[in-house]
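[1] structure of the sequence below:
(2 chains)
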Amino acid sequence: MKKSIIYIAGLAVLFVAGAGCKKYLDINSDPDTTQSPSNSSVLPQCLAAMATGLQSDGGLYVAKYTQNWFTSASTSASILYDQQGYSWSGGTMAATWTLLYTAMGGNLNYMIENGIKGNTPVFTGVALALKAWSFQHATDYNSDLPFYDAFKDTTAFHYDTQEAIYKGVDSLCRLSLSYLNQVTDPTVSSSKLAIGDMVYNGDIAKWKKFVYGVLARNWHHQTNKASYNADSVIKYCDNAMAAVTDDFCVPFDATVNNNSNYFGTFRDNMGAMRFSNFIVKLLDGTILSGSNAFNNRDPRMAFMLSASQDTTNGNGGYRGVDPAQGDPYITLTGTTYTVGSANWINARKRVATPWGDSIYANPSAAIFNNATGKYLFQNKAVFPIMTYAEMQFIKAEAELRKADKAAAYTAYLAGINAHFDFINRSYNAVRGANNLFSTTTLTAAARTKYLAGLNVKQTSTALTLSDVMLQKYIALWGWGFFETWVDLRRFHYIDLDPVTGTGQQVYLGFLLPSPLYSLNASKPVYRVRPHFTSEFTYNLSELQRLGINTNTYHTKEMWFSQP
Amino acid sequence: MRKPLFFLLVPLLCISLMASAQDKSVSGTVLADDDGSPLPGVTVANQTTGKKAQTNLAGYYTIVGEKGQKLVISYVAYASKEIIIGDDKLINIRLVASNKELGNVVVTGYGQAKSKRELAYQAPTVSGEDIAQTKRSNFLNALAGRVPGLTVTSTSGMPGASAQIILRGGASIGGNNQPLFVVDGLPQSNSSIDQNDLATASSTAVAGAGNLSLANRNSDYTNRIADMNPDDIESVVILKGPEATALYGSDGASGAIVITTKKGKGGATKITYSNNFAISEVYRYPQIQEVYSRGSNGVYDPASNGLYGPFYFGPKYAAGTKFYNNIKNFFERGFAQQHNLSVEAGSAELNYRFNAGYLDQGGVVPNTRLVRYNFRLTAYAQLAKRIKMTTTISYTSSNNDKAIKGAGSFYTNLMTYPIDIDASNYINPDGTRKLIRNVALSSELNSPFWDVNKNKGNDKSYNFTGNVNISATIVKGLTATGIVGLSQTTTIGSLVYHPYSREAFSLGGFLSTYNLAFNSLTSTFRLNYNKTIANKFTNDFYVGGYMEDNKVNMTSQRGERFYEADISSLNNTDPTSRYATLMQSEVRKVRGYAGYTFGYDNLLYLSFTGTREGVSTLTSKFRDKQPFFNYGSASGSFILSDLDFMESTKKWLSYAKLRASYATTGKAPLNPYVIDYSFNSVASTGGGYALGVTGNNFNLRPEISKNMELGGELKLFKNRIGVDIAWFNNKVKDNIISQRISYASGFILKYFNGGQLSSKGWDIQVTGSPVKTKNFTWDVVVNFDKAKTIIDKLPGDVPYYYDSDTWVFGSVRSQVGVGQSLANLSGFTFMKNKNGDLLISPSTGLPIQATSEYTPIGDRQPDYKFGLINTFTYKDLFLSFNLDIRKGGDVFNANEMMMTINGISKRTLDREQPRVIQGILQDGLENTDKPTVNNIAITPYFRSNYYNGNFAESDFIENVNWLRMRDITLGYQLPAKLLKRQKVFKTASIAITATDVFMITNYSGMDPNVNVLNSSNTKGFGGSGIDYGAIPTPRAINFGVKFSF
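    Prediction:
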């Protein structure tokens, strides 16, 4: 009897004492979803997000600013971006903001911290490289944004100037290189990195090339500044990608929606996009050679664009649209193209979708058919972020600005060849991605013929800035929307050649939309407002300070494009 | 509880009588009036001398007393009795069980009983009898109006619906404001399924041809406390203020509802059987216009259609058009039956109570039903002379057939269904869905009949709880108590959308199933010690510990593309469409608590408590976090009327008490895993993990609330009138909320310790017995409350916090900013000029919606509420009713707004009346001194967009008053004389109860007491006061008998 009483009392006392036991409470870790994943598990999403982010803001909006393609319809809602306008709401034009801060931001910081803690500098280096890239991309898109305040445990975030962010990106690149150079066990580090690195498969040397590529972009964007240093740019280009196998390409598994190409048939985002007449004319010879005669046609055209049924239009059936005009025959759906049937003449003139020749509607929306699509518009095609060709064109421009025409010419030819190689490359090594060509590669004969033809300058002395920029436009078409936009803005879209003195517009044949969007005050677009949902309510004071609320903010020139 | 309670009462109430002279004492036995069993532990107090005694196990007492002195005999759940000592020294007393007066003892934290005299806060009590008498399947709904400071909002009128309870004004900006439920001394989970955790939403993120984006509120999930059989409840004590917070910390910050279940009694075996048969029906219907046909701009067009169904802006129906009353035809009469059988048997040392309950409740909506079995066994044993043990085992099995609620469900579709078409004709002979317009199945809303016959939800729940309560008297004055409780719930649920329904047509059918296992282990151990010094100074100490371990494991699956259209099984879905998720969580809590109450001469009590609590949700794997925090309370009560000089007022002022209490509390984050990184698995190429949209916060610390209550109790005219007044002021700071924030933080939402709010108000309870004669008594209880919770601060400089789940119709959402009420609604209004005149578009002649800002448009907090409970007893007949009165408080009538947009609302009947909207043209001059007055005439008949082109939600906010008869009962107890003639029945009674009998209100909709959300996803003020797509509680008429053998 007494014993049991003592027992109960003792138990009670024990319990009270036990209440102090912190260990008992230390169970606050999610048993299903790890709260401390390895860097290899966090890296894939960061890489995948890059592609989807660029494709969303790029494909839907910036591709129209840069006239890669336009909308198929001419209704006022659809032509907003054709006219270089904007709409400011919710998630419109906001993928970059989300990419920078939520999709990559915190995850990269986690990898950086984890890499330092776990003494795996390779991850810290890679994460810093991606962070540098993301800020470079975002400032080129949004201009001022929180850089130093970003990710802090606070509720108000100060916006830094683009100049500050450019310097910050430069520092991040250097820091990244220093970490990548700290790797003392390349084999071990490389195999660790390879687990999550679906882009370079753990190749540290290629990651360094990517960092130099970011540096090249960062320094080269400042051509209008007195401080522009062509030699540095050239050096960074030389350290960057040296072959198409160095290209930074994000693959897609294409088994479910979220791992499929945003531009592919499954996700069905390109259904309303139609090639611009600008790219059609660049490829059919009209702009570069002065005529779209058969011999002047770029052999890449058939690999990049889709032809319509009507092959009598002078370039073999490749059709495009002009800004805000839409496809005049868009409403002719379900028409037969049989000669003699109703409306067949006009029906055959419709502009094809990017998914294939004579295809005017998505052949397999929401269905996994990885044989559908063309070029970059297949479910399982890669999405490039940065290529060897781009680096060569940057170098060519820098050399021209240095007045070293011979070196410029070499880079120019290398750039063109690199883009041919880009199309011909086997992408199987990049996580089993589809090739960009459908069945056969571009033949050597076609390439030789093109290089010897009127589209390509035959001597270094004949080389103009336009040649470089237009070839770069072709090489970046369909993926490099943001770099192309930087280039266009550097030349204020329609600047006359400031370097090689041709007296002609750098972007020959490029016409600004007319009229421009009603709220543009007749000025072209230069920047995009920050994420509406994120900033309008929760960072309003900064928006007011910078005048982001004004109707014409998007036409305010960028720091980088100003002298 | 009764017998163990005795041992807890001893230290609290015992005043030694040893010194008294035997010759001046009186003695006797206290018996229960109904069965004559002896009552142990009854307090017998000599009011003249202030001395007290307790009855022993045989019900025997002895106390010092002389002729002419007054004895007060009181016991929990029995009416107290007063007796003037006469010549006889032997006084036997019979106590009558009472459902109104629960005696002088109140059960508070961790099952401790406290004398009412020493309570320093308001603790209103509702008897189980009153709750059970309403015959509501979810007993929470029976509490409405019975207690001041309690607000219940049922989430729908369907069987198995959950209920949202808020005590006082609420204490959390964006967290849970539901109170803690304590059953027999241990907290019990009141969780319900959070649809967010299910694999319901078919997002294109993973394979799937279409996209069925299910809001997390279209299916209701019963809250688990509703599994309790009302027939098992002895009493419910509502702890609203400092007591709850001071004792239960993290759990009690929003108050506590303390339930004591019925226990067995020693003595003669008692068998009680009761039953109840009920009919429920809808008696308030949506009011729709029956004049104008489908179409737009006055032109007939049967295909005219919008987001919420057909538009009714066509010409008048042709004379002789046959109309169908689809709404009335749809609702059914719901039949319900309940049976309860309880057995009480045993001796004073060993007894038990067993109760079996069966409920079968059919709903007013076709195919809705709740079937519930309850079993509860409570056994009491005296293990040794000084050791008592009470064991309870309870099992509930429920099966709930549900209909889908909210947007696009039967209810909203009923409102917009054409009255010239018979909605009950919903299916074609080949099993496909009948369409009104010749469009794709995915483009037309379901017929309401289709919805309830083909799209269904079902939950089966198996809830097992058990607890053991051991108490021992170690030495005189020192008792030890230990309670260990176990709770295990398994819920298996499903939600199916038929392949031919609008929602799932593109998916080829949609099925979501889930399996939830909830396991909880709780225990508390406590030592109580009391010592009375010099007969005047009482000292009560207690020290105890508490621990809790709650585990949740939920797997959910979904599948699409049914092979056989009418079979809803995962095996009937395309394997490539199947998807599964797992959610597990575990939360542990420990508390060490201690208290001390000092009493002086039964006159003054001072109490102090302190608790140290540790919660696992504060710990981190990566940072050194302190999971422990401290809080405490100080309170005092002072019985003014017992002072000597008050003797003269005794004639009219029987009792007066002043009380004050102040308590702090800490509260850890409600959800686990918010301190460390919050990763999600991703479906993008390469898979892996990415940080989620809601950011963790390594720096979270407990939120702190400071709770003050001042008040008093008065009893007047020989206890004929009682008044209990409480004023409260509750301040919460460092409120933990997941706040929307700039993405530059790295997240879309992030946990912060930033909110601050204060809640102030009054809770008053007046009890009275206006008439008290031998045969006739009239008792009244009036409850009054008034509360207002204001947001003082939000994290950083963010302008507002909103709960996106409440954003169900238009732009209205539960959103709070600094200086606003917690019950605030924000939405869009029409644009105005600087003088406040309505701006009119010069091109349309219509007002212009101001869409740039969410402006406050309503405050759902009522100005005040009244509950009025009257009980009349005439001999063996009694009549009792509960009137619930509410003044003020805004309701968003989204049903009406939807009907207006569709032209089916009666508001649109004046459409042929040309009008010029009073306002100022927005022509550039609107803010000048000479604005242009609008002169554009409109005839809405020709301009449908008068109703659906430009609208502002603020037009559909109504300030609502109501008076509703919550329940009324007429009962008859067969007279004892009559029963004496036979030997089978000891007692017999019959009763008729009607619930939700009528409502008088200025509200234009069906019922303003609705909730657009479920109880599981109520954050902050939640979805009450947003009337959209949820049917109100129907009227029910119950008839039942009760026998005891």
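[2] residues touching B:K733, list them.
    Counting by CB atoms under 8 Å, 6 or more residues apart in numbering or on different chains, B:K733 touches B:E703, B:I704, B:S705, B:K706, B:G755, B:Q756, B:K793. From N, CA and C alone the C-beta is placed, and that goes for glycine too.
[3] kindly report the same for B:Y743.
    A:W97, A:T98, A:Y101, A:T102, A:H531, A:S534, A:E535 are the contacts of B:Y743 under CB under 8 Å, 6+ apart.
[4] and what of A:T312?
    Contacts of A:T312 by CB under 8 Å, 6+ apart: none found.
[5] that one belongs to a strand, doesn't it?
    No: assessed by DSSP: H, G, I helix; E, B strand; the rest coil, A:T312 does not belong to a strand; its assignment is coil.
[6] quick one: it from B:F776, how far?
    Distance, A:T312 to B:F776, using CB to CB, to the nearest Å: 106 Å.
[7] again, but for A:A94
    Counting by CB to CB, the gap from A:A94 to B:F776 is 73 Å.
[8] more neighbours: these two, which one.
    A:A94 (24 against 12; other CB atoms under 10 Å in any protein chain shown).
[9] OK, contacts around that one?
    For A:A94, the contact set (CB under 8 Å, 6+ apart) comprises A:D57, A:H531, A:F532, A:T533, A:S534.
[10] quick check: the last one is in a helix.
    By that I understand A:S534. Yes: secondary structure of A:S534, determined by three-state DSSP: located in a helix.
[11] tally of neighbours for it?
    A:S534: 23 neighbours (other CB under 10 Å).
[12] wait, B:S821 touches B:A787, no?
    No: taking contacts as CB atoms under 8 Å, B:S821 lies outside contact range of B:A787: 10.1 Å.
[13] joint contacts of those two?
    Both B:S821 and B:A787 are in contact with B:Q861, where contact means CB under 8 Å, 6+ apart.
[14] how about low-confidence regions in chain A?
    A:1-20 (pLDDT under 70).
[15] select the longest helix from it.
    For chain A, the longest helix by residue count, based on DSSP state H, is helix A:121-142.
[16] helices or strands up against that helix?
    If contacts are counted by 3 or more CB pairs under 8 Å, 6 or more residues apart in numbering or on different chains; DSSP states H and E, helix A:121-142 sits against helix A:39-54, helix A:95-98, helix A:106-117, helix A:162-181, helix A:186-196, helix A:204-220, helix A:481-490.
[17] and if we set it to 6 Å?
    helix A:106-117, helix A:162-181, helix A:204-220 (3 or more CB pairs under 6 Å, 6 or more residues apart in numbering or on different chains; DSSP states H and E).
[18] B:G610: which of these is closest?
    Smallest distance to B:G610 across the helices and strands packed on helix A:121-142 (CB to CB): 39.5 Å, for helix A:106-117.
[19] buried stuff in that closest one?
    For helix A:106-117, a neighbour-count test (16 or more other CB atoms under 10 Å in any protein chain shown) marks A:G106, A:N107, A:L108, A:N109, A:Y110, A:M111, A:I112, A:N114, A:G115 as buried.
[20] the third one contacts A:A127, doesn't it?
    Yes: using CB atoms under 6 Å as the test, A:L108 is close enough to A:A127 to be in contact (4.4 Å).
[21] before we move on, the earlier item: which one of B:S821 and B:A787 has more residues nearby?
    More neighbours surround B:A787 than the other of B:S821 and B:A787, with 26 against 21 (other CB under 10 Å).
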